[in-house]
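Visitor: The sequence isn't on hand, but the structure is:
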Ligand code: N2P
């Protein structure tokens, strides 16, 4: 009995001490807790990298995803979501900059920036390299299943072939789907011309009965499972599909396509600028960038990462297309006053029966 009472008192003392210590520790941790809120595309990072970043830096990452540049813009513009880092594409970086929504990056905090290839620097959307650090780049093309599509895939026109009715996935992204249609018709994917846009809209409405679904990230699994014959996709997603299913191939149509650059930016009003810069530098570290591209399938702007990839990846046009294939490619521009025209076309396509 005596022994038990002693043990009880001892336990009580330990408990009080532990509570006191936890209290102190908790308070101390609160002051030192470093946090970062990152907004990225879906399926666009190796989740292990977020864990290793947290482990190495002690910075806790709150990670959210978006499906299209337009979705990202609406949320960032509305404010209140407190994102510190976002990873939009070229034209959307121009728009964020125009709207005063970007913070200048202190490049002395991004020593790994020197690892980025020259051709990914000084691009139109950030001519003086002040606001963005390249993350991945790629194209829009057609992923197709060689068992279901035996003819050559070299034109966007195949997406209008009745043979493939209900076997086609289109990107649920207005700039991309309207863009490839404009290219098919021989127009620029940055046009503001009403007649050209009306023609693209008409074409997309005409195509709708052939479309199995308008998807973004979900098309990957469906194509891997053989549920579709053709899909308009972003290049790295095609790489991902090809790794999982040998019957899948990728084509960049001869009429030309969209060449895009996704870059990391810091959003205006961030309360975690130092953490944001640490994150951007970490993502640009060659071993981390390597691990990331090996997981997601996209192309890195770091030449040393590209050089270390297996030859079949380096030679795969879904990862690293040669210049000839990019001859007719265009980068999206920020459309400013012409954007409502695209919105109108897209709404017409979406409501069409
Ligand atoms: C990955 C998103 C790719 C971004 N799911 C294309 N710019």
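Guide: All right, it came through fine. Note that the coordinates shown come from a computational prediction; the quantities given were computed from them, not determined experimentally.

Visitor: So residue 135, which state does it fall into?
Guide: What DSSP: H, G, I helix; E, B strand; the rest coil gives for residue 135 is strand.

Visitor: nope, residue 170 is what I was after
Guide: strand.

Visitor: Residue 144 now?
Guide: Under three-state DSSP, residue 144 comes out as strand.

Visitor: Show me what from the protein comes close to the ligand.
Guide: The chain has residues 41-44, 89, 217, 234, 237, 260, 262 near the ligand, with proximity defined as C-beta under 6 Å from any ligand atom. Bear in mind the C-beta positions are built from the backbone N, C-alpha and C, glycine included.

Visitor: buried subset of those?
Guide: Neighbour counting by 16 or more other C-beta atoms under 10 Å classes 41, 43-44, 89, 217, 234, 237, 260, 262 among those as buried.

Visitor: Give me the subset of the residues you listed lying in helices.
Guide: Secondary structure assignment (DSSP state H) places residue 237 from those within helices.

Visitor: just the buried ones among the residues of the chain next to the ligand now: which is nearest residue 303?
Guide: Closest approach between these and residue 303, by C-beta to C-beta: residue 262, at 17.5 Å.

Visitor: Could you export the residues of the chain next to the ligand as CSV, including pLDDT?
Guide: Putting these into CSV (pLDDT from 0 to 100) gives the following:
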residue, pLDDT
41, 98
42, 97
43, 96
44, 98
89, 98
217, 93
234, 98
237, 96
260, 98
262, 98
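
Visitor: Closest to the centroid, which residue in the protein?
Guide: The centre of the chain sits closest to residue 41, judged by C-alpha atoms, centre = their mean, with a distance of 4.0 Å.

Visitor: where do the helices sit along the stretch 101-250 of the chain?
Guide: 174-184, 194-207, 219-224, 235-244 (DSSP state H, counting those that start in this stretch).

Visitor: Which positions in the last one come out as buried?
Guide: By neighbour count on 16+ other C-beta under 10 Å, the buried set for helix 235-244 is 235-242.

Visitor: residue contacts, residue 278?
Guide: 57, 59, 109 (C-beta atoms under 8 Å, 6 or more residues apart in numbering).

Visitor: Which strand or helix spans it?
Guide: helix 273-283 (DSSP states H and E).

Visitor: mind checking how far that helix is from the chain centre?
Guide: 18 Å (C-alpha atoms, centre = their mean, to the nearest Å).

Visitor: which residues does the residue in the chain that the ligand sits nearest to bridge with?
Guide: Nearest residue of the chain to the ligand (C-beta to the nearest ligand atom) works out as residue 41 at 3.6 Å. Here residue 41 shows beta-bridge partners residue 66, assigned using DSSP bridges.

Visitor: For it, which residues are in contact?
Guide: 65-67, 87, 262.

Visitor: how about these in a markdown table, adding distance to residue 200?
Guide: Shown next, in a markdown table, are those (distance: C-beta to C-beta, whole Å):
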| residue | distance to residue 200 |
| --- | --- |
| 65 | 28 |
| 66 | 24 |
| 67 | 21 |
| 87 | 28 |
| 262 | 24 |
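
Visitor: Select only the buried ones of these in ChimeraX?
Guide: To isolate the buried ones among those in ChimeraX, judged by 16+ other C-beta under 10 Å, type:
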select :65,66,67,87,262
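
Visitor: Looking at the contacts of residue 41, which one is closest to residue 73?
Guide: Distances from residue 73 to the contacts of residue 41, taken by C-beta to C-beta, are shortest for residue 66, at 9.0 Å.

Visitor: what's the distance between that closest one and residue 307?
Guide: In this view, residue 66 and residue 307 are 31 Å apart by C-beta to C-beta, to the nearest Å.

Visitor: do residue 50 as well
Guide: Taking C-beta to C-beta, one finds residue 50 at 26 Å from residue 307.

Visitor: Repeat that for residue 75.
Guide: For residue 75, the distance to residue 307 - C-beta to C-beta - is 37 Å.

Visitor: okay, the two: which has more neighbours?
Guide: Between residue 75 and residue 307, counting by other C-beta atoms under 10 Å, residue 75 is the more crowded of the two (16 against 8).

Visitor: mind listing what the closest residue in space to that one that isn't next to it in sequence touches?
Guide: The shortest distance from residue 75 to any non-neighbouring residue, by C-beta to C-beta, 6 or more residues apart in numbering, is to residue 81 (5.6 Å). Residues in contact with residue 81 (C-beta under 8 Å, 6+ apart) are 37, 39, 64, 75.

Visitor: Wasn't residue 81 part of a helix?
Guide: No: counting by three-state DSSP, residue 81 falls outside a helix, being coil.

Visitor: Now the residue lying closest to residue 222 once chain neighbours are set aside. Its backbone dihedrals?
Guide: Spatial nearest neighbour of residue 222, excluding adjacent residues (C-beta to C-beta, 6+ apart): residue 228 at 5.6 Å. Torsion angles at residue 228 (phi, psi; degrees, to the nearest 10) stand at phi -140, psi 160.
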